[in-house]
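**Q** I need the structure of the sequence given here:
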Amino acid sequence: MTHRFRSALLFTALLPVALLPGACAVGPDYETPPPPTAEGYLSTPLPAATAAIPVPTGDAQRFLAGQDVEAQWWKRFGSPKLDDLVLRALATNASLDAARAALRQANELVAAQRGAYFPSVSAGLGASRNLSPTKSLSPGGPTSNPYYSVFTANLGVTFTPDVFGANQRLMENLHAQADNQRFQLEATYITLITNLVGAAVQEASLRGQIDATNAQIKAESDLLDILRRQLGFGQVAVADVVAQEAALAQVQELLPPLSKQLGQQRDLISTLVGVPPSEEPKEIFTLADLHLPTDLPVSLPAKLVAQRPDVLAADALLHAASAQIGVAVAARLPQLTLSGVGGNSAPQVSDFFTPGTNFFTLGAELTAPLFDFGTLLHRERAARAAFDQAGAQYKVTVLAAMQNVADVLRALVADAQALQAAANAEQAAAHSLQITRSQLELGQIAYLALLNAEQTYQQAALALVQARAGRLADTASLFQALGGGWWNRPPVDEAAASSDKPS
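**A** Next up, the predicted model:
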């Protein structure tokens, strides 16, 4: 290449660098909506602690305002089996793999768009064999021979300066979409853990209900034996024995549905861990394996919006919609394209560097839309409408997040009261059943009184198991509602590393 051509090509390549500092980005500059100003979640003050009940999982739970959520909150349930299961699920669950892949895709799209800030350089090499018309006024080739060859090598540079910030806004949009995918990944991570903890609690509850039902079946069977002996002595009527047989059958009917639910729960745990049901994990959970966390964090609403992945994902979508307005505005403005092509063309490759074979073309093109029947205008208006929609959806997400926390806090307070009532009912029903059985053996009461006492106790025993499990499940839901503590652990994926933690 000649010195003049090299200088021209270098000028074309460096011109964008000179233009970039002066570029301005049209469209609105995004600002995250202000956080909620509310100091709490409920219309009435939250009690400092729940009631304490003298039964397993009956400890008082204290609400600690402003306390941070730890990353591995599930360990507070005190179950090594649950810890192992969660770690395996995090390593093998396919939903996490899909979310990580979506994040990698979003980050690659950002990296791809970054190239628009720089010139596009291409090289070409061509060869042709040509025949000139023999009747032409002048030969078509460098000699009088109508057959000739042409070899061409060229280097081209094309660049569109980001004068009005279209590429800057597009990069902003893609960055925001990548943030959305990052928070979607965090949400998937938290949901997986919470679902697994909830599944373990539900399994423990079902096993407790099955144990209570089996105990009731044994008690009903023992009573049936007593009644049959009494029938032999003429102390009871046949109707009493038949009624007890019916009562035993009714209790036995409870077992198949509970067993079915337990099997389905085991299938769910297998799926969450990432294995087929035929390879279900060896861990088995009972209520005795799970301990109730007593110190519960309660983040302020202003901090909740910086912790909840769904709120942060909605904020990212709002940011992306804002940047898209700038892209739409820039599309209505003139665009400048700079280009340069240079190379050599010769009849033989060996002549490439001989004088007179080089060529170059420098160009600049300014294009602007003049009349498009309102297409670009309506696209801009559509972008602004999408931003309004995303803004409204963000508000909905924030309110739903606050409602979620409020619902769980109310549930935890009510769970303690429900456990207290269930414990009292179970104790009273057990005492009543014991007295009724003694009276029946002495012939002091009719069999119908015993049947009523048995049904009351059976219902109370199952309610107590469910109440114990309810406290554990709602406690796990609180950790999820507060954001799951993802900001206190290393990123799930290197591509998902965040620039800032919630403040």
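**Q** and the next element down the chain from the worst-scoring helix or strand of the chain on mean pLDDT?
**A** Across the helices and strands of the chain, mean confidence by mean pLDDT, DSSP states H and E is lowest for helix 3-19: a mean of 47. Proceeding N to C from helix 3-19, the next assigned helix or strand is strand 62-65, under DSSP states H and E.
**Q** Report all helices and strands that that following strand contacts.
**A** strand 295-298 (3 or more Cβ pairs under 8 Å, 6 or more residues apart in numbering; DSSP states H and E). C-beta: built from backbone N, CA, C; applies to glycine.
**Q** Listing partners with orientation, what would you give for the strand it packs on?
**A** Strand pairing for strand 295-298, determined by DSSP bridges: strand 62-65 (parallel).
**Q** The strand it pairs with: which residues count as buried?
**A** Within strand 62-65, the residues that count as buried by 16 or more other Cβ atoms under 10 Å are residue 63.
**Q** now swap in stretch 302-321 and tell me
**A** Buried residues in stretch 302-321, counted by 16+ other Cβ under 10 Å: 303-321.
**Q** Give me the next element, helix or strand, following the strand or helix carrying residue 390.
**A** According to DSSP H and E, residue 390 maps onto helix 375-441. Counting by DSSP H and E, the next helix or strand C-terminal to helix 375-441 is helix 447-481.
**Q** Buried ones in that following helix, by neighbour count?
**A** Buried, per 16+ other Cβ under 10 Å, within helix 447-481: 447, 450-451, 453-458, 460-481.
**Q** can you state the direction angle for that helix and helix 375-441?
**A** Orientation check (axes from the mean of the first three to the mean of the last three Cα atoms, to 10 degrees): helix 447-481 against helix 375-441 gives 150 degrees.
**Q** So which elements touch helix 447-481?
**A** By 3+ Cβ pairs under 8 Å, 6+ apart, helix 447-481 packs against helix 166-232, helix 238-252, helix 375-441.
**Q** okay, those in CSV with mean pLDDT next?
**A** What follows is the helices and strands packed on helix 447-481, written out as CSV (pLDDT from 0 to 100):
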stretch, mean pLDDT
helix 166-232, 92
helix 238-252, 88
helix 375-441, 93
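**Q** what's the most buried one of the ones you listed?
**A** helix 166-232 (a mean of 20; mean count of other Cβ atoms under 10 Å).
**Q** how much space between residue 357 and residue 131?
**A** According to Cβ to Cβ, to the nearest Å, residue 357 and residue 131 sit 21 Å apart.
**Q** higher neighbour count, those two?
**A** Remark: of residue 357 and residue 131, residue 357 carries more neighbours, 17 against 11, as counted by other Cβ atoms under 10 Å.
**Q** quick revisit: now intersect the buried residues of stretch 302-321 with the helices, please.
**A** Among the buried residues of stretch 302-321, the residues falling in helices (DSSP state H) are 303-304, 309-321.
**Q** on that earlier part again, make CSV from the helices and strands packed on helix 447-481 and add distance to residue 368 to it.
**A** Below are the helices and strands packed on helix 447-481 laid out as CSV (distance: least, Cβ to Cβ, whole Å):
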stretch, distance to residue 368
helix 166-232, 13
helix 238-252, 83
helix 375-441, 11
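**Q** Mind checking these for the one nearest to residue 48?
**A** helix 375-441 (11.1 Å; Cβ to Cβ).
**Q** Between helix 166-232 and the closest one, find me the angle.
**A** 20 degrees.
**Q** helices or strands up against helix 375-441?
**A** Counting by 3+ Cβ pairs under 8 Å, 6+ apart, helix 375-441 packs on strand 295-298, helix 301-304, helix 309-330, helix 447-481.
**Q** tell me what the third one is packed against?
**A** Counting contacts by 3+ Cβ pairs under 8 Å, 6+ apart, helix 309-330 packs against helix 166-232, helix 375-441.
**Q** Just give the number of residues close to residue 116.
**A** 15.
**Q** Residue 489 too?
**A** 12.
**Q** any idea how far it lies from residue 108?
**A** In terms of Cβ to Cβ, residue 489 sits 25 Å off from residue 108.
**Q** I'd guessed residue 27 sits against residue 321; true?
**A** No: with contact defined as Cβ atoms under 8 Å, residue 27 does not reach residue 321; the gap is 10.8 Å.
**Q** Is residue 125 in a helix, a strand, or coil?
**A** strand (DSSP: H, G, I helix; E, B strand; the rest coil).
**Q** so how far is residue 354 from it?
**A** 18 Å.
**Q** With residue 481 instead?
**A** 77 Å.
**Q** Tell me who's in contact with residue 262.
**A** Taking Cβ atoms under 8 Å, 6 or more residues apart in numbering as the criterion, residue 262 is in contact with 203, 206, 207, 210.
**Q** Sorry, wrong one. I was asking about residue 201.
**A** Shown in contact with residue 201 (Cβ under 8 Å, 6+ apart): 285, 290, 469, 472, 473, 476.
**Q** got a list of what the third one touches?
**A** In this case it means residue 469. So residue 469 contacts 201, 202, 204, 205, 208, 287 (Cβ under 8 Å, 6+ apart).
**Q** ok so, going back, include distance to residue 103 when you put the helices and strands packed on helix 309-330 into TSV, please.
**A** TSV is the format used below for those (distance: least, Cβ to Cβ, whole Å):
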stretch	distance to residue 103
helix 166-232	4
helix 375-441	20
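**Q** Select, out of the ones you listed, the one closest to residue 294.
**A** Residue 294 lies closest to helix 375-441 among those, at 11.4 Å (Cβ to Cβ).
**Q** now the angle from that closest one to helix 238-252?
**A** On the basis of the same axes, to 10 degrees, helix 375-441 is oriented at 150 degrees to helix 238-252.
**Q** could you give the angle of helix 375-441 to helix 309-330?
**A** Here the directions of helix 375-441 and helix 309-330 differ by 170 degrees (the same axes, to 10 degrees).
**Q** what's the spacing between helix 375-441 and its chain's center?
**A** 20 Å (Cα atoms, centre = their mean, to the nearest Å).
**Q** same check, this time on stretch 103-111
**A** Worked out by Cα atoms, centre = their mean, stretch 103-111 lies 17 Å from the chain centre.
**Q** same thing with stretch 351-365?
**A** 56 Å.
**Q** List the buried residues of that stretch.
**A** 357, 358, 360.
**Q** what about it, average pLDDT?
**A** Across stretch 351-365, pLDDT averages out at 83.
**Q** Can I get that stretch as CSV, trimmed to CA atoms?
**A** Extracted in CSV, the C-alpha atoms of stretch 351-365 (Å, rounded to 0.1, in the frame of the first residue of the first chain):
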residue,chain,number,x,y,z
ASP,A,351,2.4,-7.9,-9.7
PHE,A,352,0.5,-7.0,-6.5
PHE,A,353,3.1,-4.6,-5.2
THR,A,354,4.2,-3.0,-8.5
PRO,A,355,3.3,0.7,-9.0
GLY,A,356,-0.1,1.4,-10.5
THR,A,357,-1.9,-1.7,-9.1
ASN,A,358,-3.1,-0.2,-5.8
PHE,A,359,-6.5,1.5,-5.3
PHE,A,360,-8.6,2.9,-2.5
THR,A,361,-12.0,4.5,-1.8
LEU,A,362,-12.9,6.6,1.1
GLY,A,363,-16.5,7.5,1.7
ALA,A,364,-18.9,9.1,4.1
GLU,A,365,-22.7,8.7,4.0
